[in-house]
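Enquirer: A predicted structure for the sequence below; I have some questions about it.
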Amino acid sequence: MANSIRLTPDPLRLAAALAMALAATAFAGAAFADASDAHIPPPHDTPFPGIIVLAVDASDVDQGIYRVHETIPVQAGPLTLLIPKWIPGNHAPEPNDIGKFAGLAITANGKSVPWLRDKYDVYAFKADVPQGVTSLDVKFQFLAPRDSNQGAVVMTDKIIDLEWNQLSLYPAGHYSRDITFAPSVTLPAGWQFGTALETASQSGNTTTFKPTTYNTLVDSPIYAGINFKRFDLDPGAKVPVHMDLVADTPKELGVTPDELKLLRTMVQQEYKVFGSQHYKHYDFLVSASDYLAANGLEHHQSSEDGVDADFFTSWKPGNMFHGGIFAHEFTHSWNGKFRRPADLWTPNFNVPMGDSLLWVYEGETQYWGEVLPVRSGMETAEQFRDMLAVVAANLDRGMPGFEWRNVQDTTNGEIIVHRRPRPYASWQLGEEYYAGGALIWLDVDAKIRALTHGKSSLDTFTREFYSIDNGSYITETYTIGQLIAALNNVAPYDWTSFLCGLLDAHEPPLAGIAASGWKVVYTDKPNAFEQKMMKKFRGGDFGTTIGLSIDQGGKIRDVRWNGPAFKAGVGSSEMLIAVNGEAYSTSRLKTAIEVAQKDERPIQLLLKYDGRYRTVLVAYNAGLQYPHLERIKGMPDYLDQILAARK
């Protein structure tokens, strides 16, 4: 017999259902109440009353712990404290710092004050300040990553990179420039430091700095270490410039007189381009370390410049690999810090930024970051041309993602990828506004020279655009309209169409190379720059040939979308075990490519992924393809003019 169906309600079940419905309604009401209560005060341009005292104990370098104590003036009532989320120079919400924040305790007059993390914004903490309380004691720790897989290593037993945004909470409701902090730091005994902050006093291992606005504090990190040396990069100048160097060992502080001379020349070449100074003093905060994260971050009166431990001890003048980091970050003092795209300026560190003009902020900076080392003698014109050829080939042959994206869209790259590895980077693209932006500005430079018959150049534009209000430290924002107007002041032209054509095209912006009198050609021999890259990173870059980028251990970092290897079925992150039946090595794969060019047979690759082995046949017989620059006959050599030192 079939089961009967109950048509009349069971009283007990009905009561239970009604109770559940009422509970759900009550819960929903509470949720909506929470949502309305979760409002975070927006920033207003009004002074925060009083001074926040911030004490950071950075002495526990053995365990990697920063201990923070803030004393915050308050009034009775609701208070919201924020962890900085959008840090200038990062171009995206900070993804890692909040995960290292721990141990928050708020007290007043020795009694605990309860706090609650905001329901919809994990960077915000809410508390009700009791009546009669005029200040809060706030304590927490920042647990520095102990390994690179936990995040950027900012503390070792020899060096620390102290960034105040990781070590402070600030009150919502005010512009960051309207909040004043009195900061101090305690370092291990015997350590020295460099910073753009000005010292007020020192007692033992604790240094107290002069009170400063919060936006300036966050923009003024500290590099400190047991091995420290300071170098004057502009002797006798009214506006001092120094390099504060920390290193793993005393030996790695060994900057030679020739190296120092080149760094000083670089500073002068920057001045000849920008024609102004927008800081009281400037400090290159440099770490020469194999353990501290190799940071590169701009600030208005300083920069964080991380290089390998043997950077200075192995440096040969005229052959300074990665020397552009100094010129790049110094350029940002003008381009990015003093003059900033309007949508990248925010009133505090928790209002989202807009990245639409990163092709200027980073792209033009990248351009000068490569040109100025040549003008300074750190690198040669030939090295620049070799580098330019590699960059152009990578964008042209190695980045098919331009089929569906353009340079303008890649200005969202940092927000999208957070500089993490991607499954198919050649197709997804990332932050091509750096290299692509630099090529756009090369094209602009060549166009100005052509329009003015060599009387003006990008130097002219840069000097006029960034040298306004010499000596001012107040950020001047700009829009694309103001940028185009400034270009027209130098050389009247339809710059709107010119720039949009480069930014919106579904192809890399390579026209500036030809406009400068050069073209990219390919041979079976790598140029000197590419050889050095391969030696340094010890991997195999076959992106312009079979379409593979492989790390030192044989792991496939990237497969060029629709390239020969991709069409054969090769996937990213597979291990390349063997080539034509022999154990994989970079040289064996090169040989296989050369052999395939002669006998036109496919290249056999043995792959491993997730414990499974398989063999694929890659049809490619065009041989090795390495980029070089070659002069275009009959065209003016603008590159030669661009790279010449300014007198």
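Expert: Great, that's in hand. Everything quoted here is computed from the prediction, not taken from an experiment. Numbering: from 1, shown residues only.
Enquirer: so what's the residue sitting nearest the centre point of the chain scoring on pLDDT?
Expert: Here the mean C-alpha position of the chain is nearest to the C-alpha of Asn90 (CA atoms, centre = their mean), at a distance of 5.1 Å. The predicted local distance difference test score for Asn90 is 91.
Enquirer: Tell me the secondary structure of the nearest residue to it once chain neighbours are set aside, please.
Expert: Once its chain neighbours are removed from consideration, Asn90 has its nearest residue in Glu414; the separation is 7.1 Å (CB to CB, 6 or more residues apart in numbering). For glycine as for every other residue, the C-beta is placed from the backbone atoms N, C-alpha and C. For Glu414, the assignment made with DSSP: H, G, I helix; E, B strand; the rest coil gives helix.
Enquirer: swap in Val185?
Expert: With three-state DSSP as the basis, Val185 sits in strand.
Enquirer: List the beta-bridge partners for it.
Expert: As for beta bridges, Val185 partners with Val56, Thr207 under DSSP bridges.
Enquirer: List the contacts of it.
Expert: The contact partners of Val185, by CB atoms under 8 Å, 6 or more residues apart in numbering, come to 55-58, 162, 193, 206-207, 209, 222, 224.
Enquirer: contacts for whatever helix or strand Asp409 lives in?
Expert: Element membership for Asp409 (DSSP states H and E) is helix 407-410. Contacts with helix 407-410, where a contact means CB under 8 Å, 6+ apart, come from 356, 359, 429-433, 436-437, 440, 502-505, 508-509.
Enquirer: excluding its backbone neighbours, what's nearest Trp368?
Expert: Thr331 (4.7 Å).
Enquirer: What separation do you get for the one you found and Glu94?
Expert: In this structure, Thr331 lies at 23 Å from Glu94, with CB to CB, to the nearest Å as the measure.
Enquirer: ditto for Glu70
Expert: 19 Å.
Enquirer: So for those two, which sits in the more crowded spot?
Expert: Neighbours per residue, other CB atoms under 10 Å: of Glu70 and Glu94, the larger number sits with Glu70, 23 against 18.
Enquirer: Is that one in a helix, a strand, or coil?
Expert: Put simply, Glu70 is strand when judged by three-state DSSP.
Enquirer: and it, what does it touch?
Expert: With contact taken as CB under 8 Å, 6+ apart, Glu70 is in contact with 52-55, 136-139, 168-169.
Enquirer: Can you show me the strands along the stretch 451-600 of the chain?
Expert: Counting by DSSP state E, counting those that start in this stretch, the segments of the stretch 451-600 of the chain that form strands are 476-478, 518-523, 540-542, 548-550, 556-559, 575-579, 582-583.
Enquirer: Per the annotation, how does the protein divide into domains?
Expert: 46-226, 348-518, 528-624 (automatic domain parsing).
Enquirer: In the stretch 51-200 of the chain, mark out all the strands, start to finish.
Expert: With DSSP E, counting those that start in this stretch as the criterion, the stretch 51-200 of the chain has strands spanning 51-60, 65-73, 77-82, 101-108, 111-112, 115-117, 124-129, 135-143, 159-162, 170-171, 180-186, 192-195, 199-203.
Enquirer: which of the contacts of helix 407-410 has the most neighbours?
Expert: Neighbour counts for the contacts of helix 407-410 peak at Tyr433, which has 30 neighbours (criterion: other CB under 10 Å).
Enquirer: wait, doesn't it sit right on Leu358?
Expert: Yes - with contact defined as CB atoms under 8 Å, Tyr433 and Leu358 form a contacting pair (4.7 Å).
Enquirer: Mind listing the shared neighbours of those two?
Expert: Thr411.
Enquirer: just to revisit the earlier point, identify whichever of the strands of the stretch 51-200 of the chain lies nearest to Gln366.
Expert: Distances from Gln366 to each of the strands of the stretch 51-200 of the chain were compared by CB to CB, and the smallest falls on strand 159-162, at 22.9 Å.
Enquirer: what helices or strands is that closest one leaning on?
Expert: In terms of contact count using 3 or more CB pairs under 8 Å, 6 or more residues apart in numbering; DSSP states H and E, strand 159-162 is assigned the packing partners strand 51-60, strand 222-225, strand 282-288.
Enquirer: Taking strand 180-186 as reference, get the angle to the first one.
Expert: Same thing as strand 51-60. The directions of strand 51-60 and strand 180-186 differ by 20 degrees, with axes from the mean of the first three to the mean of the last three CA atoms, to 10 degrees as the criterion.
Enquirer: Please name every helix or strand in contact with strand 51-60.
Expert: Contact here means 3+ CB pairs under 8 Å, 6+ apart; on that basis strand 51-60 packs against strand 65-73, strand 159-162, strand 180-186.
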